[in-house]
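Participant: Quick check, what structure comes out for this input:
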Amino acid sequence: MAGGGAGAGGVSPLGPAPPMWYHRDLSRAAAEELLARAGRDGSFLVRDSESVNGAYALCVLFQKHVHTYRILPDDEGFLAVQTSQGVQPKRFKTLPELVSLYLQPSQGLVTTLLFAVDREETAVSDDRDYSDGEDEKPPLPPRSASTSTPPGPETPTDSAPAANGLSTISHEYLKGSYALDLEAVKQGACSLPHLNKTLVASCKRLNGEVDKVLSGLEILSKVFDQQSAFMVSKMIQQSVNQGGDQELENLVTKLAILKDLLSSIEKKALKALQDMSLSSPCALPPLSMRHSKAIPVQAFEVKLDVYLTELTKIGKSQKYTLSVDVEGGRLVMMKKVKDSQEDWTTFTHDKIRQLIKSQRVQNKLGIVFEKEKDKSQRKDFIFASAKKREAFCQLLQLMKNKHSNQDEPDMISVFIGTWNMGSVPSPKSVASWVLCRGLGKTLDEMTVTIPHDLYVFGTQENSVCDREWVESLRAMLKEQTELDYKPIAVQTLWNIKIAVLVKPEHENRISHVVMSSVKTGIANTLGNKGAVGVSFMFNGTSFGFVNCHLTSGNEKIGRRNQNYLDILRLLSLGDKQLSSFDISLRFTHLFWLGDLNYRLDMDIQEILNYINRKEFEPLLKVDQLNLEREKNKVFLRFVEEEISFPPTYRYERGSRDTYVWQKQKATGMRTNVPSWCDRILWKSYPETHIVCNSYGCTDDIVTSDHSPVFATYEVGVTSQFVSKKGLPKSSEQAYIEFESIEAIVKTASRTKFFIEFYSTCLEEFKKSYENDTQSSDNINFLRVGWSNKQLTTLKPLLSEIEYLQDQHLLLTVKSVDGYESYGECVLALKSMIGSTAQQFHTYLSHRGEETGNIRGSMRVRVPSERMGTRERLYEWISVDKDETGGPKGKSSVVSRVGHEYVKPSAVRKQLGELGKVSEEGERSSKEETAARPKQDSTDGDSSISKNSYNNPAYYILEGVPNQSAAALSPELLPSPTSTNPQAAKAALPSAGARTKPPCAASGPSHPRRHISGHPVHAISEEGSSEDDGGPCVPGAQAGGIERTVGSSLNRPPPDFPPPPLPKGALEMGTEPPFPKPRPLYPDLAEVRIPSVTPGPPPGLGEGFKRGGGGGGGGGGAFKDQSCSVLQMAKTLSESEFSGQPPRAPSAPPPLRVQPMGLGLDACRTFPPRNPIPESIAEDMPEEALWASSSSSLSVGESSVGEWLQRLGLERYEQGLLHNGWDDLEFLSDITEEDLEEAGVRDPAHKQILLESLRQQQQQT
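Facilitator: Purely as a prediction, here's the structure:
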């Protein structure tokens, strides 16, 4: 910490007391906000430097721009403002002295320091934060130290007194005996007897420890090599017999023996065991294999999903039994035929080519079998439930993995648990916790006992000592799995603990284990609140785990937010070279768990009523964590699985039937409303594989007032890649080349910037040159650009495509004046591989806050000799958009990869296409565009939201006064084109109508409500339809299109405005009154950022040019918007600005696409504030979520949902879909018995449905 050191001569650099203008831990962005609030030229403050420890930053406001000067200490501790080369700096002992000089005019700064901006003193009277109000004083830290691995620097250990004793001995020598030795040397002595005596005393404990270790190794060495063991014994005995003045020398000798013994004993043991194995060929299998529990054969009852073309042949849907033999590597498919006979077919694991999950029908699965060489067959099955389908997929993945010829795994299973134990020991059995049994999204009983590869246990208020706790976890896992799990890390801060255990077979795959802790208790000095963390590498994939206990109290939201930001900044995990990045960007996968203590903002009685009715959606809308995440205050771009279990706090101890929400305190009655305090979130690099298979809580562990929470994840991992061709020659070298980069940074500074590039595939980090273009349309934003000549070409260590497609590139935008980061991001190389440049576009963040965005054009050139790749295990299961429900052609397949990342505008197919499944017939382009994947109202990627960078209004106007914008007449506002006025009119649905964005793509494999979710990238094999409003992204006409699905959970706009309208907006020509519809949520590549500079930056692709990428004539910068961006921006803004407000058009242009359930007001909320309740939306087929205004729909209803809605019988939709009746053509042959099976038991309703189908058949 900069403020803590001593300056020259032992004087504190802050003087006797820190001056009020000194802000210790203030971030750069917060400093700029304070100065902007001050608003006067010459306003200044001093903060700690973010780039250099012990340095400071002097921030000065002049002409609305912030100028930053670095104050650096020299070797003698004097402080000086960094100057240009050759200029003699002025040196000062303290900061107040330095500042006092610059309070005088003409001292070389941009302006004289005039007005100090003082720090805000925070009150500490209400800082009592003890265990959710349970205890009157904070618990004492545990006496025990961390086990199994060296504890972090902040963990109390038994070695502390030894360190203090050593420093005392050394101090005494320097104070007294040092002078005696000096006198002896002056008299010609050749030794230092007093120093020798001091060292012997210091190493007394070390001598004893070395003797213990040597005696143990001596016994071990006798087992494998009698001769060398005898020699070792002799040497040890000789050294022990010596003493006196030679004691220190003997210690050095013993250490040398120890070193030699350790280096040789493994080789000797290996040779001995090899000799034993040759003499006894029937050796026992490894311990881990001996004790692993065999997985029994599991059978699943399913129905074959058949279609209209096949009904005439086979009649009604047939029942099958699918039996999975994991150990034998077989799948047996059996169906019953006449006279109780059975017809069965066996497929070995290598004959099962692919599993294709239906995204719309959650219990439907397609299996592609290999029939003959280069020929395959697909069969679709309906499972009893979505949970059964997931269990089947997990078992087949396990079978594939078990019989794979790969040495290293592609995918592992991770269990994560968090539990506030309430300062009492755990019960004898917590099996339900590790087996994910209880409430919420749980695992199927068929897979619940399959051991996970990693177990991570985070606990709070855990009074059990570390060793005892870890041993109890190991014993429990051994009882459940028959495996002896190995603890790889245990970290403790008072009663906050994290323990990581791994399967024995993976122990050698774990490396680079790092642990750390951060205190956030009273005044950030007590450890009763805070966080512990562990990070490590699993082969080539980095993992981070953070377990925290944040401030309690319903009203202390701000304190919790600050706790999170402090942990994010101060927790020291991962690669030290990535210190420029906070921990949310240092790991391939980061998991954050713990008692986050966020509460529900609702009356207690209402909360209890909702819980009793198991209606959690209204409660989640007032969940403080959800609300703070929507505002981007905390957990930026993290993901949380949908919560479908009751609040886990505050129960009556001893039962799970009653919430105890009141407690009498000395200060009055304290209320703790039931809340989801205990949470698990994660954040992963883009284009990586991660799926949450369970998220819930137990209902039978009742010792604490919190219920344990569990989650399991399927995570893709990479191996430590070894090139078969060796290091690349110059002709076989891969290159990472940038054509251009442009960033918009939230700052009032006008300094120059450069970019640093970090990656595990680079030998060392690389820097760009300074930006060569710079402009600003708004005082709070700066646009900076780098052309090709300013950007360095990067050379990866290895050139194989199989290696490069798993790599990521970290970028940080730094200022030239202070070398401080203004924003960081991560890019996946996988999508950039190819001979042509690909566009990227993503957000910048710094210290947990969104600070801008960055986009550019790059390519990864891989030589043809290094292009070989293979399919990963997690690519074997894909997601089918399931558009018409029939087997009429190729399946559009989606791989669940990545988070919060905008992929390039086009998809290249060189990395393999999993979705090419050959079946009967071809799906016409009409059917391809008519049916759309299900888009849950709250599903998908949060990047498409009100405050996101692909919100068109964000770049146009968001609360920023602009006269040119306000002067625009409605006639000049953008309006999509359409040749049919009636169609355009029909595109405005009435309130409650559900329309569909034409550029939607399939979402994640499970429809979930994410605050920020997976963007799932669809691979459309047949391209886009022009009937759908033109291509969604630049280059769409060139075949396949890659798209992202956006989350529509309500988010407020950012708390900083973007640049105002471009000047080119005034030059737009008028357009036809009913232009062609365009999507409300365009692809990010289409969003253009206004600039005062003409044309795009050098080298940027077509999608970066204003007005490009849209298709259709007529133009200007906004020709691709579907309603007035001025109107949207006006209503989006949270801030009030002076000046004339932008004028909304008197008649908004036709709006083809709107959020669900909204009418014309849809353009005022981004996304809708009242989405369809998820319980309904999840069960609707995709067509039911959208109106029939799409030009590619056939006459009448296009889906089962719309048909039922017209008849007023939509209640039966779930039952019909569940039984496989998901196509109107298929329904035409439904019988009364089928209807009854689907839940239609009312005779009148049966009659209505059957009569409607008969009429529809006659019309067609």
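Participant: Leaving out sequence neighbours, find the closest residue to E1210.
Facilitator: Residue nearest to E1210 in three dimensions, not counting chain neighbours: L1204, with 4.5 Å by C-beta to C-beta, 6 or more residues apart in numbering. C-beta: built from backbone N, CA, C; applies to glycine.
Participant: Remind me which helix or strand the one you found belongs to.
Facilitator: Per DSSP states H and E: L1204 is located in helix 1200-1207.
Participant: residues in contact with the residue nearest to E1210?
Facilitator: Contacts for L1204 were tallied using C-beta atoms under 8 Å, 6 or more residues apart in numbering; they are A1184, E1210, Y1212, E1213, L1216.
Participant: Against K556, how distant is the nearest residue to D453 once chain neighbours are set aside?
Facilitator: Using C-beta to C-beta, 6+ apart and skipping residues adjacent in sequence, the residue nearest D453 is I412, 3.9 Å away. Distance, I412 to K556, by C-beta to C-beta, to the nearest Å: 37 Å.
Participant: what's the pLDDT at E1197?
Facilitator: We have a pLDDT of 51 for E1197.
Participant: And P1060, by the same measure?
Facilitator: pLDDT, read off for P1060, is 42.
Participant: do R1051 as well
Facilitator: 39.
Participant: One more: Q1257?
Facilitator: At Q1257, the pLDDT value in this model is 76.
Participant: in what helix or strand does it lie?
Facilitator: Per DSSP H and E: helix 1243-1259 holds Q1257.
Participant: For that helix, which helices and strands make contact with it?
Facilitator: Contact partners of helix 1243-1259 among helices and strands, from 3 or more C-beta pairs under 8 Å, 6 or more residues apart in numbering; DSSP states H and E: helix 1200-1207, helix 1232-1237.
Participant: Quick one, which of the ones you listed gets closest to T812.
Facilitator: helix 1200-1207 (47.5 Å; C-beta to C-beta).
Participant: tell me the angle the closest one makes with helix 1243-1259.
Facilitator: Counting by axes from the mean of the first three to the mean of the last three C-alpha atoms, to 10 degrees, helix 1200-1207 points 110 degrees away from the direction of helix 1243-1259.
Participant: related to what we said a few turns ago, can you name the element that comes right after the helix holding L1204?
Facilitator: Counting by DSSP H and E, what follows helix 1200-1207 is helix 1213-1218.
Participant: re earlier: keeping just the C-alphas, turn the helix holding Q1257 into PDB.
Facilitator: Taking Å, rounded to 0.1, in the frame of the first residue of the first chain, the C-alpha atoms of helix 1243-1259 are listed here in PDB:
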ATOM      1  CA  PRO A1243     -64.700 -34.400 -23.300                       C
ATOM      2  CA  ALA A1244     -65.800 -31.000 -24.500                       C
ATOM      3  CA  HIS A1245     -62.200 -29.900 -24.900                       C
ATOM      4  CA  LYS A1246     -61.300 -33.100 -26.700                       C
ATOM      5  CA  GLN A1247     -64.100 -32.400 -29.100                       C
ATOM      6  CA  ILE A1248     -63.000 -28.800 -29.800                       C
ATOM      7  CA  LEU A1249     -59.400 -29.900 -30.500                       C
ATOM      8  CA  LEU A1250     -60.300 -32.700 -32.800                       C
ATOM      9  CA  GLU A1251     -62.900 -30.700 -34.700                       C
ATOM     10  CA  SER A1252     -60.400 -27.900 -35.200                       C
ATOM     11  CA  LEU A1253     -57.800 -30.300 -36.600                       C
ATOM     12  CA  ARG A1254     -60.400 -31.800 -39.000                       C
ATOM     13  CA  GLN A1255     -61.300 -28.300 -40.300                       C
ATOM     14  CA  GLN A1256     -57.700 -27.400 -40.700                       C
ATOM     15  CA  GLN A1257     -57.100 -30.700 -42.700                       C
ATOM     16  CA  GLN A1258     -60.000 -29.900 -45.000                       C
ATOM     17  CA  GLN A1259     -58.700 -26.300 -45.700                       C
END
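Participant: E33 in helix, strand or coil?
Facilitator: Judged by DSSP: H, G, I helix; E, B strand; the rest coil, the three-state class of E33 is helix.
Participant: Around it, how many other residues sit close by?
Facilitator: 18 (other C-beta atoms under 10 Å).
Participant: repeat for Y769
Facilitator: 14.
Participant: gap between the nearest residue to it once chain neighbours are set aside and P451?
Facilitator: Closest residue to Y769 apart from its sequence neighbours, by C-beta to C-beta, 6+ apart: Q790 at 4.3 Å. From Q790 across to P451, the span is 52 Å (C-beta to C-beta).
Participant: Likewise for G1215?
Facilitator: For G1215, the distance to P451 - C-beta to C-beta - is 37 Å.
Participant: what's the span of stretch 184-195, first residue to last?
Facilitator: End-to-end distance of stretch 184-195 (C-alpha to C-alpha, to the nearest Å): 12 Å.
Participant: Just the buried residues of it, please?
Facilitator: In terms of neighbour count (16 or more other C-beta atoms under 10 Å), stretch 184-195 has its buried residues at L192, H194.
Participant: Could I get the average pLDDT for stretch 381-399?
Facilitator: Confidence for stretch 381-399, expressed as mean pLDDT, is 93.
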